[in-house]
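A.B. asks: Dropping the sequence and predicted coords here.
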2 protein chains.
Amino acid sequence: MSGTTRHVPIVQHILSANDEIAQQNRLILDEAGTYAINIMASPGAGKTSVILATFERVKEVLRLGMINGDIATSIDADKASDAGMPSVAINTGGNCHLEANMLRGALAQIDLKTIDLLLVENVGNLVCPAGWDLGTHLNVLVASVPEGDDKPYKYPSMYRNVQALIINKVDLAPYIDFKMDYFIQGVEVLNPGLVTFPMSARTGEGVDDWVSWLKEQVKAHQHGG
Amino acid sequence: MSGTTRHVPIVQHILSANDEIAQQNRLILDEAGTYAINIMASPGAGKTSVILATFERVKEVLRLGMINGDIATSIDADKASDAGMPSVAINTGGNCHLEANMLRGALAQIDLKTIDLLLVENVGNLVCPAGWDLGTHLNVLVASVPEGDDKPYKYPSMYRNVQALIINKVDLAPYIDFKMDYFIQGVEVLNPGLVTFPMSARTGEGVDDWVSWLKEQVKAHQHGG
């Protein structure tokens, strides 16, 4: 374990540099009047599907943009572009999470003045992205029913570091042994009172509740800033 | 990106130290006559369910053990113990993958002479564990249908670094838009000829094919070593 111990001062240095850039990102976003959310999840929980379902429901009232982080390919950013959402792909080059300086580079490629709501899709990972502030206004976790009801217990840092939780793929619940009570109990211990949205991005069930809440957050930010 | 560049020599140093310990682990396993596999997957793909289904089918002919790496809790190791499989939990303390020195510590807590087949369950992650040799004899990836058919394209390192692929939760295929052809095409580009086992650990479908193949690997190793 000595390798890990030797690492600590370097990691701390990078984290504080990251936080400084994150702070600057938030200023850039605020100046442009853009509300940004950092969407995290396990691979295949449905981040991109949630983003596309959200886009379909708010595009008449809010101007959306998407920034997509992936370790390879731009499949998700291409899906967003195809749907008509301005999008930028960040290739992390193998890195298992986005960092504030990567978001900074992507922000420079978007005309933020034309974006009310920026959806930042992080790398699919339940460990690494936790605790890396990107400079967005909100951290959202997309859980999904097929992942199993024990995930809050197993990945506590991720569940602790978010301000909203989507439980996606509830349409698959009849075919899976997923105990919602056990899942929610784990969430409550880590993040009491966390606002939670069970939904299916595929069938549309529950998406409106999430979208209403999100629109309120954007409105509150626009009026506050 | 300068933070990343500064990191490189340190990462290389740790990797080569890891490889050295991995090599020693393999010697320890070989001396005891234990065949070990490193099982990797996204969170919730069903690693533990696959391990338990495997145990049920081979326990009459092979003596199994399990080592479980998780960033918190020992839920999975406890499940294995409850099923009657000797198991050791490694808490990685937040680390997103197992390393050879962690496995070394766990090996010391098992009487390897009583174990024919050791199943090492890595941390749920499709990025970090790739490329870290633990000293096991085989790397296995558990994919799952609900994760989506684009995962080989998005997580190429993981798909490149395995010698067997389980496609779990095929019982959910009727309820999901998962194109097996597209998935397999991605796998073939990265890892041509990779031996692949579609299965459902829950219903038992396809598990026997995997178990037969695995038993052959163990037998070949015992005769070879």
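C.D. replies: It's in.
A.B. asks: What lies in contact with the helix or strand containing A:K219?
C.D. replies: Secondary structure assignment for A:K219, by DSSP states H and E: helix A:207-224. Contacting residues not belonging to helix A:207-224 are listed as A:33, A:35, A:37, A:50, A:53-54, A:57-58, A:61-62, A:116-117, A:137-138, A:164, A:166, A:195, A:197, A:199-201 [CB atoms under 8 Å, 6 or more residues apart in numbering or on different chains]. To be clear about C-beta, it is placed using only N, CA and C from the backbone, and glycine gets the same treatment.
A.B. asks: could you dump that helix to PDB, C-alpha only?
C.D. replies: Output of helix A:207-224 as PDB, limited to C-alpha atoms (Å, rounded to 0.1, in the frame of the first residue of the first chain):
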ATOM      1  CA  VAL A 207     -39.700  12.100 -16.900                       C
ATOM      2  CA  ASP A 208     -42.100  15.100 -16.500                       C
ATOM      3  CA  ASP A 209     -41.500  15.300 -12.700                       C
ATOM      4  CA  TRP A 210     -37.800  15.600 -13.300                       C
ATOM      5  CA  VAL A 211     -38.200  18.100 -16.100                       C
ATOM      6  CA  SER A 212     -40.500  20.300 -14.000                       C
ATOM      7  CA  TRP A 213     -38.100  20.300 -11.100                       C
ATOM      8  CA  LEU A 214     -35.100  21.000 -13.400                       C
ATOM      9  CA  LYS A 215     -36.900  24.000 -15.100                       C
ATOM     10  CA  GLU A 216     -37.500  25.400 -11.600                       C
ATOM     11  CA  GLN A 217     -33.800  25.200 -10.800                       C
ATOM     12  CA  VAL A 218     -32.900  27.000 -14.000                       C
ATOM     13  CA  LYS A 219     -35.500  29.700 -13.400                       C
ATOM     14  CA  ALA A 220     -34.300  30.200  -9.800                       C
ATOM     15  CA  HIS A 221     -30.700  30.500 -11.000                       C
ATOM     16  CA  GLN A 222     -31.700  33.000 -13.700                       C
ATOM     17  CA  HIS A 223     -33.500  35.200 -11.200                       C
ATOM     18  CA  GLY A 224     -30.900  34.800  -8.600                       C
END
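A.B. asks: returning to that earlier point: pull out the buried members of the contacts of helix A:207-224.
C.D. replies: Neighbour-count burial (16 or more other CB atoms under 10 Å in any protein chain shown) applied to those gives A:35, A:37, A:50, A:53-54, A:57-58, A:62, A:116-117, A:137-138, A:164, A:166, A:197, A:199-201.
A.B. asks: So for stretch A:45-52, mean pLDDT?
C.D. replies: Mean pLDDT, stretch A:45-52: 97.
A.B. asks: Would you mind listing the outside residues contacting that stretch?
C.D. replies: With contacts defined as CB under 8 Å, 6+ apart, stretch A:45-52 is touched by A:39-41, A:66, A:68, A:76, A:79-80, A:83, A:85, A:119, A:121-122, A:124, A:142-144, A:147, A:166, A:168-169, A:199, A:201-202, A:210.
A.B. asks: Return the subset of those residues lying in strands.
C.D. replies: Taking DSSP state E, the ones among the contacts of stretch A:45-52 that sit in strands are A:I39, A:M40, A:A41, A:M66, A:N68, A:L119, A:E121, A:V142, A:A143, A:S144, A:I166, A:N168.
A.B. asks: Make CSV from the residues you listed and add pLDDT and distance to B:Q23 to it.
C.D. replies: Output for these, formatted as CSV (pLDDT from 0 to 100; distance: CB to CB, whole Å):
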residue, pLDDT, distance to B:Q23
A:I39, 98, 41
A:M40, 98, 36
A:A41, 98, 36
A:M66, 96, 45
A:N68, 95, 39
A:L119, 98, 45
A:E121, 97, 39
A:V142, 98, 40
A:A143, 98, 39
A:S144, 98, 39
A:I166, 98, 44
A:N168, 98, 42
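A.B. asks: ok, those residues vs chain B, which is closest?
C.D. replies: Proximity of the ones in strands among the contacts of stretch A:45-52 to chain B (CB to the nearest CB) peaks at A:S144, which lies at 7.1 Å.
A.B. asks: Which parts of chain A are helices?
C.D. replies: A:2-32, A:47-58, A:75-82, A:100-107, A:151-154, A:156-160, A:180-190, A:207-224 (DSSP state H).
A.B. asks: By mean pLDDT, which helix or strand of chain A comes out lowest?
C.D. replies: helix A:2-32 (a mean of 76; mean pLDDT, DSSP states H and E).
A.B. asks: residue closest to the middle of chain A?
C.D. replies: Residue closest to the average C-alpha location in chain A (CA atoms, centre = their mean): A:I39, at 0.6 Å.
A.B. asks: Contacts only, for that residue.
C.D. replies: So A:I39 contacts A:K47, A:V50, A:I51, A:L119, A:V120, A:E121, A:N122, A:V140, A:V142 (CB under 8 Å, 6+ apart).
A.B. asks: Equivalent analysis for A:L194, please.
C.D. replies: A:L194 neighbours (CB under 8 Å, 6+ apart): A:Y159, A:V162, A:Q163, A:A164, A:L165, A:V187, A:E188.
A.B. asks: okay, the helices of chain A in a markdown table with distance to B:V218 next?
C.D. replies: Compiled in a markdown table, those are given as follows (distance: least, CB to CB, whole Å):
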| stretch | distance to B:V218 |
| --- | --- |
| helix A:2-32 | 32 |
| helix A:47-58 | 39 |
| helix A:75-82 | 38 |
| helix A:100-107 | 44 |
| helix A:151-154 | 29 |
| helix A:156-160 | 36 |
| helix A:180-190 | 36 |
| helix A:207-224 | 48 |
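A.B. asks: Between those, which one is closest to A:C128.
C.D. replies: Nearest to A:C128, of all those, is helix A:156-160, at 9.4 Å by CB to CB.
A.B. asks: A:L62 and A:D116 touch, don't they?
C.D. replies: Yes: A:L62 is within contact range of A:D116, at 4.4 Å (criterion: CB atoms under 8 Å).
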